[in-house]
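Engineer: compute the structure for the input listed below.
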Amino acid sequence: MATDAFTVEMRPLHVATVTLNRPATGNRLFAADVVALGQTIRELGNRPDIKVVVLRGAGENFCLGRDPGPPGAAPQSALAMRGGIADPILGLYADLRGAAALVLAVVQGQARGFGCAMAGVADLTIAADTARFSLPEMDGNLPPTLAISAVLDKIPPKRLLHMVTTRAEIDARDALGMGLISEVAPAAGLDAALAATLAKLTDRRRAALAALKEYMNIAPHIDISAQARFGASLMSVVLASPDGE
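Structural biologist: This next block holds a predicted model:
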């Protein structure tokens, strides 16, 4: 699906970098862009030569959220709303989780609403120390249940509910403490932090990285005995596979 909402670079080695590319609008995304972005990340992440898909935003902000389009463009029925708004967003969350490669978000400036959820659902997230995160949908009395579903396995429910109901904007350090992101770097050193993390990921076998992602996506939702058996199975598969896989 053709779109000017993002660009793709196949570099460095074993890495695909997807950059949201509408800085003038804070990298807001229309529903069709959301679908295209998710499909692109899943396709890139399933390529056997790609170990990490980096997701970042051009300009001052990572992503200010979803673009609802011009006035009057909102779907008029519940079914149309689910198909035109909810399904594309939930599909993108599923695509980020479903890509075999790790998805690493890099956040600067604001990550608001859908942008905050997208940063949170990524497997790893590096944020500048000046980054800010918020789920402000309740400003318009809209329960952000889609965004909540994306990060409910990352953030303690009471902390998440407080963030949603108060519409509080949190900084990178708070986001790290809550489990929304995985690393904080100085704003001037964000690219250096990314490079250092990529170096530690890309020198590992793709099969091992993919197994870790699969385990972390599934294990928290099954009982402790099944967690152990599933882990043993995945480990065995990796150990029994050729180094090139």
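Engineer: which other helices and strands contact the lowest-mean-pLDDT helix or strand in the chain?
Structural biologist: Sorted by mean pLDDT, DSSP states H and E, the helices and strands of the chain end with helix 78-81, the least confident at a mean of 82. Applying 3 or more Cβ pairs under 8 Å, 6 or more residues apart in numbering; DSSP states H and E, one finds that helix 78-81 contacts no other helix or strand. No exception for glycine: its C-beta is placed from N, CA and C like everyone else's.
Engineer: buried set for it?
Structural biologist: Counting neighbours by 16 or more other Cβ atoms under 10 Å, one finds that helix 78-81 has no buried residues.
Engineer: tell me how far Lys158 lies from Leu152.
Structural biologist: Applying Cβ to Cβ, to the nearest Å, the value for Lys158 to Leu152 is 12 Å.
Engineer: do Asp203 as well
Structural biologist: According to Cβ to Cβ, Asp203 stands 33 Å off from Leu152.
Engineer: domain map for the chain?
Structural biologist: The chain breaks down into these domains under automatic domain parsing: 6-200, 205-239.
Engineer: downstream of the least confident helix or strand of the chain, the next helix or strand is which one?
Structural biologist: Going down the chain from helix 78-81, the next helix or strand is helix 87-98, by DSSP states H and E.
Engineer: so how far is that following helix from its chain's centroid?
Structural biologist: Here helix 87-98 is found 9 Å from its chain centre; the criterion is Cα atoms, centre = their mean, to the nearest Å.
Engineer: before we move on, what about stretch 76-96?
Structural biologist: 17 Å.
Engineer: who has more neighbours, Asp203 and Leu152?
Structural biologist: Just comparing Asp203 and Leu152: by other Cβ atoms under 10 Å the higher neighbour count belongs to Leu152, 13 against 9.
Engineer: which stretches in the chain count as helices?
Structural biologist: Using DSSP state H, the helices found in the chain span residues 31-45, 78-81, 87-98, 114-121, 145-151, 157-166, 172-178, 190-202, 206-218, 224-239.
Engineer: where does this protein have low pLDDT?
Structural biologist: Applying pLDDT under 70 to the chain flags the ranges 1-2, 71-75, 244-245.
Engineer: if you set the cut-off to 80 instead, what comes out?
Structural biologist: Scanning the chain for pLDDT under 80 picks out the ranges 1-2, 69-76, 81, 243-245.
Engineer: and the helices of the chain, which is most packed in?
Structural biologist: Of those, the one with the most neighbours on average (mean count of other Cβ atoms under 10 Å) is helix 114-121, at a mean of 28.
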